[in-house]
Structures are given as C-alpha cells and as structure tokens.
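Asks: got a predicted structure here, sequence first:
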Amino acid sequence: MGQRFILGVALCLVVFMWDGGHNCQAARDWTTPSADSANSNSTDKIGVLHDVKWTAKSGAVGVRVISTGSRAFVFDNGILTAYDQDRGSILWTSSLDPASHDMYVTGLSLYRKVLYVGLASSEQGELLSFQMDTGKPRSVVSTSPGSMAPILSPPAFWNDSVIVREGNQVCSYGIEDGKLRWRQQFPASYGQIVLPSSHPVVSDGKVYFNSDLGIAFALDAGTGRTVWKFASDGYSSISAGAISKTTLRITYCAPIRINHVLLIADDSTIFGLDTTTGMNLWKVKLGHTFSFASVEGRAFAATTTGFYELDPSTGQIMRSRTVPDGIWACAVSKDRAILTHDPITTGGWEILDLRTWSPTYVDWVFRPDPVLAVSDGMLFLVGSNQPATEANIERGFRAYKLGK
C-alpha cells in the first residue's frame, strides 16, 4: 500500500495531456469494473451529471486546480491561468520566474481575493501571491537556499497572516509584508526528529497538523506556541521526552474540525480529539485515510478500504461503501459525494447519492488523480483516459457541469 500511495502522490505532479474524449458508463457495481471497461465506447449517463463543459490541455509537472465563484485557477508548468468557470475561456495568465520552474507546486489557496501558490524544491521554497481579478503578482516569501526548509503545504490563513509547513517547522508570515511572525520548529526532542506530514489547518484560533511519528499538534495561530499534542497508539507519553517506538506512522491527510471534535489519522486509525484539550474521545480503524470531508456537521473519510460516514462525536460508522482498491479523494455536498478511485489500479470516479448511499454515475474510462475541486455546480478533475501506456499517455483537465 505504501508504494501505491507514493505513486499516487507522484501522479499529482505528472504531465497532463488530453484530447477531450468522453466515454462513460452508466452506474453499476462500482467495486467490480468489467474486464473491458477501459475499452468501452458506451456513452450512457444517468442522474445528476451533464456533459463535459470544457477541457484544457497542459504539459508539465505539477498541476493543481482551485475554483471559486465564477472562476477556476490552474497552475501548470510555471504558469497560473484563470478560466471562466462556465465557458472555459482564459481570463488571464501569469508566468513565474524561470528559476521557479524546477520547483513543484504544493497547493493553491484563496484568501481575501488573493491567490497563493506554494512551491518547493529539495532545498528551498517560495510562497507566491497574485491578485485574483487580474493575475498581477504581489509578494514573494522565500526560504533561504540550503536551509532544507521548502514550503511543503498549501497555505492556510489566520487574520492577517499566512501559515505554511516548511520542512521540520511551521511558520507564519504577514500577508502584506511577508515578514516572519513566528516559527515553531520540531527538532529531535522526542527521541526522533518530528516532521509535520499533513498541511496545517487553521480553525478556532488554532493551527492543527499531523506529524510523521503519529503525533498531532495544536498551536496558537497568533503566537505559534503549543496548546496541546497527542501521540497515537503505540507510543509512550511524549511529555516524558521520549517515544518508545520509532516506526513511522505517516499520513498526509489533513485534519478536519467539526464542532468541538478534531478528526486526525495515522497510518491505520482515525481519532476524534477534543479541540480544547487534545484528549482522545474515540478511535476507529478503517485503513490508511487519504482525505476527510464535512458538510452540515457530517464527517466523511476516504480510505484504502472505502468511503465512510462517521458520527464526529462518537466515531460510530453511520454508512459505508467498501471498495477493494480504496477511495483516494472525495468532495461532498448536502446530497452527493464525488469519489475518485485508486489511480494506480482500477482508476475511475463516481458520484454517490448520500441519501440512498448508492452511485448515480460511474466513469471507468477517465482515470483521475487525487486532485479535484467542486464549486457552484461545477466539477474539476485532472487525469488521463484509459488505457494509458508509456507510448500513449493522454492527460488533461476536465470541467463538468453538475445537475441539481
């Protein structure tokens, strides 16, 4: 599983080229794609999905997409492009400095009509910002060359500061001046070097994130001081200054806060923590968790064993869809969930009706990577058509219009 997971993360940074073909199948048993599904010419569609609205070709490492209101923003090959979300026409483009082209993009974030792009190489990182309406560049925050502290996460925000993960530290910078507000480093103070593994999530005045030793942290968003920390199963008390086990329990899944409960995950277990104290309220083993989602106080998890709805207060499994190769990414609204399958094996994606808990649309031909965005009735995916060989890889970006 670990090897497939690393390959899946790498897929997010692959060259995306696609010619706009659209071959889909009607809903059926999503756990057992037919042997000839990759070669199917069926265009049967049911339920809530309309035809592909528009497509965009690209050709570089590191494609990311974020959408809001009437616009979709795509970062590819050192170029940031704003598209009209409905028509697909280009509104503006902004090119990065050529020196930044060798870096990979770690995520896009939007805050106060400013678009932020995190970039990283093996030794340094940059946090760039652009005006959402015009694409005009704003400030640049750079880590020092040789500091081994690349910016490794999508930016998060608190008041007038932007918060990112840099190597073995979490840092806060001023939005307007780019000056460092605070830095929280995690040296080998627990018997092993602690590296933040998930990107930071800011909520209720705290910065939450996971680490590669299965330790979750809550920091004060204004000062960076540690509010609490929690060690998952298999570790001695970290307050004693040592950890009894050294086995890594890495998860890149970002935590999610629902009311007073923080959902975090290590390599096999989901924990519900009290956001005030960090006390463990419950835990449930569901395999490696790739992503969380929430809508109207409901909690959802995409894992190596399937897709689950959990009661955030108790951890009870409310509903589940077991899938042999797992669900790698999810996005939810009140009545439906968009799910992408393991891109290394079966591929494909679906729309799951959250009222009946059954799929209403299945596409086994398009193999999306775990990169998706949903906004104002539009769905954005990046990936490739199937089958794909080394000599014939067709990748790209798709925009779908979702029905009511």
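Replies: Received the coordinates, thanks.
Asks: quick one, strands of the stretch 101-250 of the chain?
Replies: In the stretch 101-250 of the chain, the strands defined using DSSP state E, counting those that start in this stretch lie at 104-111, 114-120, 125-131, 137-142, 156-158, 161-166, 169-174, 180-185, 201-203, 206-210, 215-220, 226-231.
Asks: can you add mean pLDDT and distance to F300 and give the ones you listed back as a markdown table?
Replies: In short, each C-beta sits where N, CA and C put it, glycine included. Formatted as a markdown table, the strands of the stretch 101-250 of the chain follow (pLDDT from 0 to 100; distance: least, C-beta to C-beta, whole Å):
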| stretch | mean pLDDT | distance to F300 |
| --- | --- | --- |
| strand 104-111 | 80 | 21 |
| strand 114-120 | 82 | 25 |
| strand 125-131 | 83 | 30 |
| strand 137-142 | 78 | 33 |
| strand 156-158 | 91 | 21 |
| strand 161-166 | 85 | 24 |
| strand 169-174 | 87 | 26 |
| strand 180-185 | 88 | 30 |
| strand 201-203 | 91 | 16 |
| strand 206-210 | 89 | 18 |
| strand 215-220 | 88 | 19 |
| strand 226-231 | 89 | 22 |
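Asks: quick one, what contacts the residue lying closest to V117 once chain neighbours are set aside?
Replies: Computed as C-beta to C-beta, 6 or more residues apart in numbering, the closest residue to V117 that is not its neighbour in sequence is L128, at 4.6 Å. Applying C-beta atoms under 8 Å, 6 or more residues apart in numbering, we find L128 in contact with L96, S100, Y116, V117, L119, P137, V140.
Asks: coming back round to it: nearest to G297, out of the strands of the stretch 101-250 of the chain?
Replies: G297 lies closest to strand 201-203 among the strands of the stretch 101-250 of the chain, at 14.0 Å (C-beta to C-beta).
Asks: show residues contacting the closest one.
Replies: Residues contacting strand 201-203 (C-beta under 8 Å, 6+ apart): 156-158, 163, 207-209, 221, 254-257, 275.
Asks: neighbours of W364, how many?
Replies: By other C-beta atoms under 10 Å, 24 other residues sit near W364.
Asks: quick check: longest strand of the chain.
Replies: With secondary structure taken from DSSP state E, the chain has its longest strand at strand 366-375.
Asks: what's the following helix or strand after it?
Replies: Following strand 366-375 in sequence order, the next helix or strand is strand 378-385 (DSSP states H and E).
Asks: partners of that following strand in the sheet?
Replies: Looking at strand 378-385 with DSSP bridges, its partner strands are strand 366-375 (antiparallel), strand 395-402 (antiparallel).
Asks: now the ones you listed in CSV, with mean pLDDT and mean neighbour count?
Replies: Formatted as CSV, those follow (pLDDT from 0 to 100; neighbours: other C-beta atoms under 10 Å):
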stretch, mean pLDDT, mean neighbour count
strand 366-375, 78, 22
strand 395-402, 80, 21
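Asks: who wins for proximity to R319 among those strands?
Replies: Ranking the strands paired with strand 378-385 by proximity to R319 (C-beta to C-beta) places strand 366-375 first, at 20.2 Å.
Asks: what angle separates that closest one from strand 104-111?
Replies: If you take axes from the mean of the first three to the mean of the last three C-alpha atoms, to 10 degrees, strand 366-375 sits at 30 degrees to strand 104-111.
Asks: helices of this structure, start to end?
Replies: 2-11 (DSSP state H).
Asks: shaky segments in the stretch 301-404 of the chain?
Replies: Along the stretch 301-404 of the chain, segments meeting pLDDT under 70 span 386-394, 403-404.
Asks: can you map out the strands along it?
Replies: Here the stretch 301-404 of the chain has its strands, by DSSP E, counting those that start in this stretch, at 306-310, 317-322, 327-332, 336-341, 349-353, 358-363, 366-375, 378-385, 395-402.
Asks: so of those, which one's packed in deepest?
Replies: Highest mean neighbour count of the strands of the stretch 301-404 of the chain: strand 336-341, a mean of 26 (counted as mean count of other C-beta atoms under 10 Å).
Asks: other SSEs contacting it?
Replies: Packing partners of strand 336-341 (3 or more C-beta pairs under 8 Å, 6 or more residues apart in numbering; DSSP states H and E): strand 327-332, strand 349-353, strand 366-375.
Asks: note down every partner strand of that strand and its orientation.
Replies: strand 327-332 (antiparallel), strand 349-353 (antiparallel).
Asks: redo those strands as JSON lines? Include distance to A299.
Replies: JSON lines is the format used below for the strands paired with strand 336-341 (distance: least, C-beta to C-beta, whole Å):
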{"stretch": "strand 327-332", "distance to A299": "10"}
{"stretch": "strand 349-353", "distance to A299": "15"}
